[in-house]
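Participant: Let's see this in three dimensions:
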Amino acid sequence: MAEERHHTEHIPQWKKDEIENIKELIQSHKVFGMVAIEGILATKIQKIRRDLKDVAVLKVSRNTLTERALNQLGENIPDMNKYLDKQTALIFTNESPFKLYKLLEQTKTPSPIKGGAIAPADIIVQKGPTSFPPGPILGELQSAGIPASIDAGKVAVKETKVVCKAGEVVPQKLATMLSKLEIYPLIVGLDLRAAYDDGTIYEPELLAVDESKYFSDIIRAAQNAFNLSVNTAYPTSATIGTLLAKAHAESKNLGVNAVILEPGVMDSLLAKAHVQMTSVASKAADKDANAVDDDLRGVLGAAASAAAAAAVATPAAAKEEKKEEEPEEEEEDHAEEDGMAGLGALFG
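Facilitator: Reported below is the predicted structural model:
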């Protein structure tokens, strides 16, 4: 009988230690994510690691070891394996996935593109002067496909031009000239592919929150809710003051229009009667000066003088009112800034 042999896979101790370290980091942090690091220099990664040291741990490991660690943890965690691709780093934090995404977006900076690389988007050179004096640089720009000429003693780009379309290979000459012109087509930093938080996987599309739009939507929703509550006479702590003021104004208008003799409307009724009386007297005096007595004629004269003075004072009052409104606008700006600060705290 042949001897039965069992072959077991030998895993070096350093690999076992690495797998255990990844598992420990996942279990000791609220959130972990996978980020793309292809094309990023090691010096840049080290700088990002230092910048994030107070809020996140960045770890670069082999994809095979990461996959083993995730599979050993079980539950929904192995679903993150599908985001392992090419050069991948792991990031661990106790912040929310939204703040993690925002922090990683802040690591991105413009970077020059190398010759032979694929343009991620249309590369455009804008019309305008450069800092270069006339010299060989003029021919170098032209040979790279950049329309250049001499203008006012300096080399200038004659017209705005797309020098390389998205998806095309960037020629070496063009890459060199773009760097000299300080045109950096690449945005280099950590791209979050996905973040895992308590059984839920968040992709970038969900985490990319436009905070300004979100804040505006909240304001609009609050305004609409307030208007609905007032228009339907639904009392809340936020609208009861407005509802009472509206009810008071409507009841007073009803009292004046229905000529209800109540203490709260007597002043308005008397003022309305006085206006009507002076209007009738004015029309009568226009037809016959003797139709009104001296006392009434004095009242009409005083009313005319007051109207003239009001007409003169109106422009000045409007200017003064405009001046007084300016600080209110500033206060509104501060209120909006405070609101944005609060929203920023929510998303990091």
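Participant: residue nearest the centroid of this structure?
Facilitator: Centrality entry for the chain: nearest residue to the mean C-alpha point is S212, 3.1 Å, by C-alpha atoms, centre = their mean.
Participant: looking at this, that one is in a helix?
Facilitator: Yes: under DSSP: H, G, I helix; E, B strand; the rest coil, S212 falls within a helix.
Participant: Can you list the low-confidence ranges for this structure?
Facilitator: For the chain, applying pLDDT under 70 flags the ranges 1-9, 303-348.
Participant: residue ranges of the strands in this protein, please?
Facilitator: With strands called from DSSP state E, the chain shows them at 31-36, 56-60, 88-93, 109-111, 123-125, 128-129, 148-151, 154-157, 161-164, 186-188, 191-197, 200-202.
Participant: Just the CA trace of the longest one, in PDB.
Facilitator: Output for strand 191-197, consisting of C-alpha atoms alone and laid out as PDB, is shown next (Å, rounded to 0.1, in the frame of the first residue of the first chain):
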ATOM      1  CA  ASP A 191      -8.200  57.800  -5.200                       C
ATOM      2  CA  LEU A 192     -10.600  56.100  -2.800                       C
ATOM      3  CA  ARG A 193     -12.100  53.100  -4.500                       C
ATOM      4  CA  ALA A 194     -14.400  52.100  -1.600                       C
ATOM      5  CA  ALA A 195     -14.700  52.400   2.100                       C
ATOM      6  CA  TYR A 196     -16.200  49.800   4.500                       C
ATOM      7  CA  ASP A 197     -18.100  50.800   7.600                       C
END
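Participant: What segments of the stretch 51-200 of the chain are helices?
Facilitator: 63-73, 97-105, 136-143, 172-180 (DSSP state H, counting those that start in this stretch).
Participant: could you check the angle helix 136-143 makes with the last one?
Facilitator: Which is helix 172-180. 130 degrees (axes from the mean of the first three to the mean of the last three C-alpha atoms, to 10 degrees).
Participant: can you list the residues that contact stretch 116-132?
Facilitator: Here stretch 116-132 makes contact (C-beta atoms under 8 Å, 6 or more residues apart in numbering) with 113, 138, 146, 148, 151-152, 154-170, 172, 174-175, 178, 180-181, 183, 185-186. Glycine gets a C-beta too; all of them are placed from N, C-alpha and C.
Participant: I misspoke; the intended subject was stretch 15-31.
Facilitator: So stretch 15-31 is contacted by 32, 57, 59, 61-62, 65-66, 68-70, 72-73, 77, 90, 92-97, 100, 195-198 (C-beta under 8 Å, 6+ apart).
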